[in-house]
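Colleague: Got a predicted model here, sequence first, then my questions.
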Amino acid sequence: MKKWLMTGAALLMATSMAFAGDPFGINLSWDACGTNGSGVKTFACDANSGTALMLIGSFVPPTGINEFLGITAQVDVTVGTQLPDWWKHGTGYCRGTTGLETSFDFSTDVGCLDFYLGQASGGTGYDVGYASPSRARLRIDADVPFANRGPLVAGEQYFAFKLNFLLDKTTGSGACTGCLNEACIVFNSLTLRQPAEVLNDFVMTTEEDQNWVTYQSVSILDCPSNTPTRNRTWGQVKSLYR
């Protein structure tokens, strides 16, 4: 097993080196894809319903992604020195399991290419307190059916994922505190996955335009440098969902 892991790492490194000269990267924006969206979102925190706060992750692939199957992404949310309740999602937390939605349906969105075409499925894991009391990490996974795999066009920008932060429990009785707090959100890494026999999943950690956004403020101290990248292999990420 150790020998296989070393071989896989060596192959991944070789793949990354082979693509090193190609333009590629990841982007994160509020409301739309890439530069069509915004780098900052403000919300008065005065409603429990209405249009969700929407984040769109996108990417520009390198050459050589000929049998694209799906993505694995890591996104960090950092708020002050202690993650407040409004940013705590999951069983047992203030916002519960219904305050955050993941979508791979871009049928009504424009500005980027949609490889999925309504065929992708996946989900999100949300780790409150990841590596710091002030942070949460989202792990996002999406796949298309094996028969729908295909090539990506190098240099073009594609939709990767959509995150909808719903407004429930924002104000009034039972509200979760911290909606007005400033937040830094960083799209840390994206793995473009292909069939195992192809042996060239590709990991991107560099921005193409901007891989981070802010909430409630245009400028936040140490954003985005306060959310360090920690890459994982696809096998490690899959184990989080078991």
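Modeller: Received it, and whenever you're ready, just let me know what you need.
Colleague: Which other helices and strands does the biggest strand by length in the chain contact?
Modeller: In the chain, taking DSSP state E as the definition, the longest strand is strand 183-193. Under the contact definition 3 or more CB pairs under 8 Å, 6 or more residues apart in numbering; DSSP states H and E, strand 183-193 sits against strand 25-30, strand 53-60, strand 70-78, strand 202-204, strand 212-215, helix 234-239. In short, each C-beta sits where N, CA and C put it, glycine included.
Colleague: For the ones you listed, could you give me CSV that also reports mean pLDDT, mean neighbour count and distance to F104?
Modeller: Shown next, in CSV, are the helices and strands packed on strand 183-193 (pLDDT from 0 to 100; neighbours: other CB atoms under 10 Å; distance: least, CB to CB, whole Å):
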stretch, mean pLDDT, mean neighbour count, distance to F104
strand 25-30, 98, 23, 16
strand 53-60, 98, 23, 10
strand 70-78, 98, 24, 9
strand 202-204, 96, 21, 18
strand 212-215, 97, 22, 19
helix 234-239, 36, 13, 16
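Colleague: Quick check: which ranges of the chain have low pLDDT?
Modeller: Where the chain drops to pLDDT under 70, the residues are 1-22, 226-242.
Colleague: Helices along that one, start to end?
Modeller: 2-18, 234-239 (DSSP state H).
Colleague: circling back to that earlier point, save the helices and strands packed on strand 183-193 as TSV, and put in distance to S132 too.
Modeller: Below are the helices and strands packed on strand 183-193 laid out as TSV (distance: least, CB to CB, whole Å):
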stretch	distance to S132
strand 25-30	20
strand 53-60	20
strand 70-78	7
strand 202-204	23
strand 212-215	16
helix 234-239	20
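Colleague: Just tell me which of the ones you listed ends up closest to N181.
Modeller: Among the helices and strands packed on strand 183-193, strand 212-215 comes nearest to N181, with 8.3 Å by CB to CB.
Colleague: what's the closest of the helices and strands packed on strand 183-193 to L117?
Modeller: Closest among these, once you apply CB to CB, is strand 70-78, at 13.1 Å.
Colleague: angle of the closest one against strand 183-193?
Modeller: On the basis of axes from the mean of the first three to the mean of the last three CA atoms, to 10 degrees, strand 70-78 is oriented at 160 degrees to strand 183-193.
Colleague: what lines up beside strand 70-78 in the sheet?
Modeller: According to DSSP bridges, strand 70-78 forms sheet pairs with strand 135-143 (antiparallel), strand 183-193 (antiparallel).
Colleague: now, of the ones you listed, which is deepest in the fold?
Modeller: Highest mean neighbour count among the strands paired with strand 70-78 (mean count of other CB atoms under 10 Å): strand 183-193, with a mean of 24.
Colleague: any idea how far it is from the chain center?
Modeller: Relative to its parent chain, strand 183-193 has a centroid offset of 5 Å by CA atoms, centre = their mean, to the nearest Å.
Colleague: quick one, that strand and strand 53-60 angle?
Modeller: Comparing the axes of strand 183-193 and strand 53-60 via the same axes, to 10 degrees yields an angle of 40 degrees.
Colleague: Next, the angle strand 25-30 makes with strand 183-193.
Modeller: Using the same axes, to 10 degrees, strand 183-193 lies at 140 degrees relative to strand 25-30.
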